[in-house]
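1. Build me a structure from this.
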Amino acid sequence: MTRYKITLEYDGTNLIGWQQNRQGPSVQSLLMDAIEKFCGIRPDIVAAGRTDAGVHAIAMTAHFDLSDCPDANTVMRAMNFYLANSPVSVLDCEIVPNDFNARFSCVARHYKYIVLNRGAAPVLEKNRVWWVPRKLNLRAMRRAAEKLVGHHDFTSFRATQCQAKSPEKTLDVCKITRRGDKIIFEFSARSFLHHQVRNMVGTLVEIGLGKPYDIDEIFAAHNRSAAGPTAPASGLYFIRADYATAA
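-> Numbering: from 1, shown residues only. From the prediction side, this is the model:
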């Protein structure tokens with residue numbers, strides 16, 4: 001068997017997320033369909049991050065195995081041919097060692113979240129940002145963001161249905177910048193809990209709107225209801241996955 005590592009981008013607006021599901025088209029199912037059409041099998045495809053419905057990716061990493069061993073460029077061109085009318089595109093494909101795993105070999109994952117902070121509603125970017133019409137206090141959000149960085153119990157920031165064994169995570173980066181009408185939230189960590197990024201953004205935006213949330217108190221509560229609302233999926237982007245060695 002030959003293992004292939006692919007890098008892909010996708011618009012998650014009309015997808016049910018990464019995971020294959022009978023409820024609708026997913027990133028995984030579209031990729032499996034494309035591979036099946038050119039080589040006759042549906043391999044299991046493992047991703048660095050299993051994004052939710054509506055979440056986008058700029059450079060998601062995934063891997064799968066094939067027995068016929070076509071060269072990587074042929075695989076990429078064939079996949080993109082059958083993905084042509086879909087919201088998914090393969091940006092790169094390479095053959096990697098069989099011990100490479102897109103999920104478990106990953107040492108860092110990077111996300112960004114885009115808030116459109118202006119009075120007028122978006123048209124061209126309707127499903128690619130979270131529109132917040134009221135002016136946000138950038139300084140207050142940055143002060144709160146500093147407290148999120150480090151090793152913490154993120155129980156209050158994970159989805160109630162999160163199945164992770166431990167709520168403890170180390171957040172390496174939580175950066176907020178303003179670029180014109182947009183506020184960009186950037187997050188980096190080895191791994192994240194279910195909805196962790198969206199719940200952190202939702203809480204930071206509430207703080208930016210003047211709501212009396214205290215990050216230390218939220219951590220201490222160990223309860224999802226102590227934090228702010230879950231930010232919409234539309235503004236979230238998986239940026240890239242990092243690996244210890246080039247695969």
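2. Stretch 171-183: which residues count as buried?
-> Along stretch 171-183, these residues count as buried under the neighbour rule (16 or more other C-beta atoms under 10 Å): Leu171, Cys174, Ile176, Ile183. Where you see a C-beta, it was placed from the backbone N, CA and C, and this is true even at glycine.
3. Now do the helix or strand hosting the third one: which elements does it pack against?
-> In the assignment (DSSP states H and E), Ile176 maps to strand 168-179. Using 3 or more C-beta pairs under 8 Å, 6 or more residues apart in numbering; DSSP states H and E as the contact criterion, the neighbours of strand 168-179 among helices and strands are helix 138-148, strand 150-153, strand 182-189, helix 196-208.
4. how distant is the shortest one from the center of its chain?
-> Centroid displacement of strand 150-153 relative to its chain, using C-alpha atoms, centre = their mean, to the nearest Å, is 20 Å.
5. Only alpha carbons, please: show that strand as PDB.
-> In PDB, the C-alpha atoms belonging to strand 150-153 read as follows (Å, rounded to 0.1, in the frame of the first residue of the first chain):
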ATOM      1  CA  GLY A 150      -1.400  28.600  28.300                       C
ATOM      2  CA  HIS A 151      -2.300  25.300  29.800                       C
ATOM      3  CA  HIS A 152      -5.900  25.300  31.200                       C
ATOM      4  CA  ASP A 153      -8.900  23.200  31.800                       C
END
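6. Show me this structure divided up by domain.
-> As assigned by automatic domain parsing, the chain contains the domains 2-104, 107-242.
7. Adding mean pLDDT, write those out as a markdown table.
-> Shown next, in a markdown table, are those (pLDDT from 0 to 100):
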| stretch | mean pLDDT |
| --- | --- |
| domain 2-104 | 95 |
| domain 107-242 | 98 |
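8. before we move on, back to that, of the helices and strands packed on strand 168-179, which is nearest Ala48?
-> Between Ala48 and the helices and strands packed on strand 168-179, the shortest gap by C-beta to C-beta is with strand 182-189, which sits at 12.4 Å.
9. could you check the angle helix 196-208 makes with that closest one?
-> Direction vectors for strand 182-189 and helix 196-208, defined by axes from the mean of the first three to the mean of the last three C-alpha atoms, to 10 degrees, enclose an angle of 140 degrees.
10. Sheet partners, orientation included, of strand 182-189?
-> Here the strand partners of strand 182-189, with direction, are listed using DSSP bridges: strand 106-116 (antiparallel), strand 168-179 (antiparallel).
11. Name the residues that touch the longest one?
-> If I follow you right, that is strand 168-179. By C-beta atoms under 8 Å, 6 or more residues apart in numbering, the surrounding residues in contact with strand 168-179 are 108, 110, 117, 138, 141-142, 145-146, 148-154, 183-193, 196, 200, 204.
12. Equivalent analysis for stretch 141-148, please.
-> For stretch 141-148, contacts defined as C-beta under 8 Å, 6+ apart pick out 171, 174-176, 183, 185, 200, 203-205, 207-208, 213, 215-216.
13. please redo it, this time with the cut-off set to 6 Å
-> Outside stretch 141-148, the residues that touch it by C-beta atoms under 6 Å, 6 or more residues apart in numbering are Leu171, Cys174, Ile176, Leu204, Ile207, Gly208, Ile215.
14. Spit out the contact partners of the fifth one.
-> Which is Ile207. Contact partners of Ile207, counting by C-beta under 6 Å, 6+ apart, are Ala140, Met141, Ala144, Tyr213.
15. okay if I get those as a markdown table plus neighbour count and distance to Phe81?
-> Output for the contacts of Ile207, formatted as a markdown table (neighbours: other C-beta atoms under 10 Å; distance: C-beta to C-beta, whole Å):
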| residue | neighbour count | distance to Phe81 |
| --- | --- | --- |
| Ala140 | 16 | 49 |
| Met141 | 23 | 44 |
| Ala144 | 22 | 47 |
| Tyr213 | 17 | 49 |
